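1. Structure for the following, please:
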Amino acid sequence: MKYKIAICDDENIIIDDIVSKLRNRSNEYEIVRCNSGNELLKISADYNILFLDIEMPGISGMETAFQLREKKYDGIIIFLTSHIEFMPDAFKVKAFRFLNKPIDIEKFNEAFSAAENEIINTEHILIKERDKSVYIKLTDIVYLEAYGDGTYIYDKNKHAYDTDKPMKYWKEQIGSEHFFQINKSTIVSFLYFSSISTDGSIYVPLYDISLSSSRRNCAAFKEAFFKYAKKYAKTM
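-> This next block holds a predicted model:
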């Protein structure tokens, strides 16, 4: 998915360092920079992940976190600090991780990968069927199949949601990191396929179905899955 990430620290050198680490992972992240808690509280809290310095002039990072939670911000907070005495208060604001300054690259990558996995396991999309609306976890989606002007969305409980939105709409909603479009009318989750045959068919055992893919898309699917598996090997 395309994540929106906020970084709040009174030292620009720290912000620059985190931005560099993020860009080394992906160029698709939308990044917001802030130098104070007051500045952060003035912007829309629609970011998925927040890197927040605890010790800042004026309002502290911890107080900023308290105010964000009071405003119902439910994203991931990763604190930047070198003082473990703040940990008891951090539990009150549901902090996800602490990163000490200067930030170690391995610890940063571990924390960020864990945050991504947390997001995908809690991320929901709203599916409006023709007679009702339901929220479904992204990790529950097995595959999507376009038909005419609509799309069927198949979940792990073997329910097919009949939606009147085109495939293009749902592709934007679910993102591409955990899914792959194998042909014009089919998108498959990396979590539910088990094998790829020589003719390009992708087998989904939960539905006992083989979904067709072109040879070119089959090769691209394999390459994308290997990258996905390598990235999420510790959490899959």
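2. what's near enough to touch residue 101?
-> 14, 80-82 (Cβ atoms under 8 Å, 6 or more residues apart in numbering). Bear in mind the C-beta positions are built from the backbone N, C-alpha and C, glycine included.
3. If we use 6 Å, what do you get?
-> Residue 101 makes contacts with residue 82, as judged by Cβ atoms under 6 Å, 6 or more residues apart in numbering.
4. so it is in which element?
-> Using DSSP states H and E, residue 101 maps to neither a helix nor a strand.
5. roughly how far apart are it and residue 80?
-> Counting by Cβ to Cβ, to the nearest Å, the separation of residue 101 from residue 80 is 6 Å.
6. What is the neighbour count of residue 131?
-> When neighbours are defined as other Cβ atoms under 10 Å, residue 131 has 6 of them.
7. what's the answer for residue 228, then?
-> 17.
8. That one reaches residue 190, doesn't it?
-> Yes. Counting by Cβ atoms under 6 Å, residue 228 does reach residue 190; the two are 5.1 Å apart.
9. Contact partners for residue 65?
-> Counted by Cβ under 6 Å, 6+ apart, residue 65 has contacts 77, 93.
10. Please, where are all the helices along the protein?
-> Taking DSSP state H, the helices of the chain run over residues 12-25, 37-42, 61-70, 87-92, 105-122, 167-174, 215-231.
11. okay, those helices in JSON lines with mean pLDDT and distance to residue 138 next?
-> Below are these laid out as JSON lines (pLDDT from 0 to 100; distance: least, Cβ to Cβ, whole Å):
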{"stretch": "helix 12-25", "mean pLDDT": "97", "distance to residue 138": "20"}
{"stretch": "helix 37-42", "mean pLDDT": "97", "distance to residue 138": "27"}
{"stretch": "helix 61-70", "mean pLDDT": "94", "distance to residue 138": "24"}
{"stretch": "helix 87-92", "mean pLDDT": "69", "distance to residue 138": "27"}
{"stretch": "helix 105-122", "mean pLDDT": "89", "distance to residue 138": "6"}
{"stretch": "helix 167-174", "mean pLDDT": "93", "distance to residue 138": "6"}
{"stretch": "helix 215-231", "mean pLDDT": "83", "distance to residue 138": "14"}
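12. Pick the most deeply packed of the ones you listed.
-> helix 61-70 (a mean of 19; mean count of other Cβ atoms under 10 Å).
13. how distant is it from the center of its chain?
-> 22 Å (Cα atoms, centre = their mean, to the nearest Å).
14. before we move on, what about stretch 167-179?
-> 12 Å.
15. Repeat that for stretch 5-14.
-> The answer for stretch 5-14 is 21 Å, by Cα atoms, centre = their mean.
16. And the contacts of that stretch?
-> Counting by Cβ under 6 Å, 6+ apart, residues outside stretch 5-14 touching it are 15, 18, 29, 31-35, 40, 47, 49-53, 56.
17. sorry, back to before: can I get the helices of the chain in a markdown table with distance to residue 4?
-> Formatted as a markdown table, these follow (distance: least, Cβ to Cβ, whole Å):
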| stretch | distance to residue 4 |
| --- | --- |
| helix 12-25 | 11 |
| helix 37-42 | 13 |
| helix 61-70 | 14 |
| helix 87-92 | 22 |
| helix 105-122 | 11 |
| helix 167-174 | 15 |
| helix 215-231 | 19 |
